[in-house]
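*Asks:* model this:
(one chain, ligands or ions: 1)
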Amino acid sequence: MGTRSKPILPDNAPSAAEIARVPAEQRSGDASLAARQRASRADARSESEALVRPQATLFGRRRGKRLTARHDGLMQTALPEVALDASRPIAPAALFPQGVCELWLEIGFGGGEHLAALAKAHPHVGYIGCEPFRNGVAKALASIEAEKLRNVRLYEGDARAIIEALPEAALQGVYLLYPDPWPKRRQRKRRFLSDALLSRLARVMRPGAELRFATDIDDNAGWTLARLLRSPHFIWAPETASDWQDPWRGWPGTRYEAKALREGRKPAYFTFRRNQAPVAQAPNGMESSDRPESGSDSKA
Ligand SMILES: C[S@@+](CC[C@H](N)C(=O)[O-])C[C@H]1O[C@@H](n2cnc3c(N)ncnc32)[C@H](O)[C@@H]1O
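*Replies:* Next up, the predicted model:
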């Protein structure tokens, strides 16, 4: 991949000082710094609330246009065949009767185009896709049927419930592609990769597993990068300065990415790797009663 050089960070990426939360900043009596620290503490509070309070919804709408008769039929007949139940522990070995060599999770697959393309290209890998938007789930079912995919399982709901239902070190990889950016400060608690959620995700990822994150929103790139860089469970080790500008090998793209490119926004692609650091049991004190609701229609 060429010589390793200093990575160039996206616009709005946090400064090294912000990432490390340098003591000098913490000691400063400067009013604007104090305000930023207060805001940052508020962000941290709301981020952990978003994890432990089931009513802290991270996603937008669950339903769009009325489903076509075909899609409605697929929801009735095909979904039960591939649907995961997040209300009880998931046993990865029992998910695919044919056996798979790896298990990957895609969080917020939209219409499932990326999920289906990967499942088709890698039939020996198992994929779990989570998406609360019903119309997207119906589309993914249509692709699963058209391509006769046997290596995909779906969850119509909040990916946090699946993360809680998986056993430790179950996953070799996770995709989070163009998550909702939630641009306003008061909305940031709805961004998916909070500090607390990263710990929960780390629990189900085995050492060396990849977390692949793409976004076309600079502010979201910087915000997420800051959390990954201060996480004790992940490393970011770009091989070249342009690593984050290039998509992954065999990248089929996503529907949302195509829209971003049409509208002139340049995506960033980050690969983080799970390190060996153990995850403390339930670091946020999350009890089963606090888990995000499972079940498909609970927040419709
Ligand atoms: C901007 S869209 C991107 C869709 C797709 N990844 C793409 O690139 O075309 C973000 C998607 O994430 C889904 N989403 C948001 N919060 C989620 C959550 N907590 N669990 C699973 N999916 C979620 C939304 O319903 C939406 O479909």
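
*Asks:* near the ligand, which residues of this protein are found?
*Replies:* Proximity of the chain to the ligand (C-beta under 6 Å from any ligand atom) is limited to residues 58-59, 107-110, 130-133, 136, 158-160, 177-180, 192, 254-257. C-beta coordinates here come from the backbone N, C-alpha and C atoms, glycine included.

*Asks:* please narrow those to those residing in strands.
*Replies:* The members of the residues of the chain next to the ligand that map onto strands under DSSP state E are 107, 130, 177.

*Asks:* how about the contacts made by residue 274?
*Replies:* Taking C-beta atoms under 8 Å, 6 or more residues apart in numbering as the contact definition, residue 274 lies against 202, 205-211, 233-234.

*Asks:* how about these in TSV, adding pLDDT and neighbour count?
*Replies:* Shown next, in TSV, are the contacts of residue 274 (pLDDT from 0 to 100; neighbours: other C-beta atoms under 10 Å):
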residue	pLDDT	neighbour count
202	98	23
205	98	27
206	98	15
207	98	13
208	98	11
209	98	24
210	98	18
211	98	26
233	98	21
234	98	22
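
*Asks:* just give me the closest of these to residue 64.
*Replies:* Comparing those against residue 64 with C-beta to C-beta places residue 211 closest, at 28.3 Å.

*Asks:* before we move on, the earlier item: I'd like to know which of the ones in strands among the residues of the chain next to the ligand are buried.
*Replies:* Neighbour counting by 16 or more other C-beta atoms under 10 Å classes 107, 130, 177 among those as buried.

*Asks:* least trustworthy helix or strand in this protein by mean pLDDT?
*Replies:* helix 23-27 (a mean of 34; mean pLDDT, DSSP states H and E).

*Asks:* what's near enough to touch the residue positioned nearest the centre of the chain?
*Replies:* The centroid of the chain falls nearest to residue 176 when counting by C-alpha atoms, centre = their mean (3.5 Å). The contact partners of residue 176, taken as C-beta under 8 Å, 6+ apart, are 106-108, 192-193, 211-214.

*Asks:* buried members of those into ChimeraX, please.
*Replies:* The ChimeraX selection below is limited to those of these classed as buried (16+ other C-beta under 10 Å):
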select :106,107,108,192,193,211,212,213,214
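
*Asks:* wait, which of the contacts of residue 176 is closest to the ligand?
*Replies:* Nearest to the ligand among the contacts of residue 176, counting by C-beta to the nearest ligand atom, is residue 108 at 2.4 Å.
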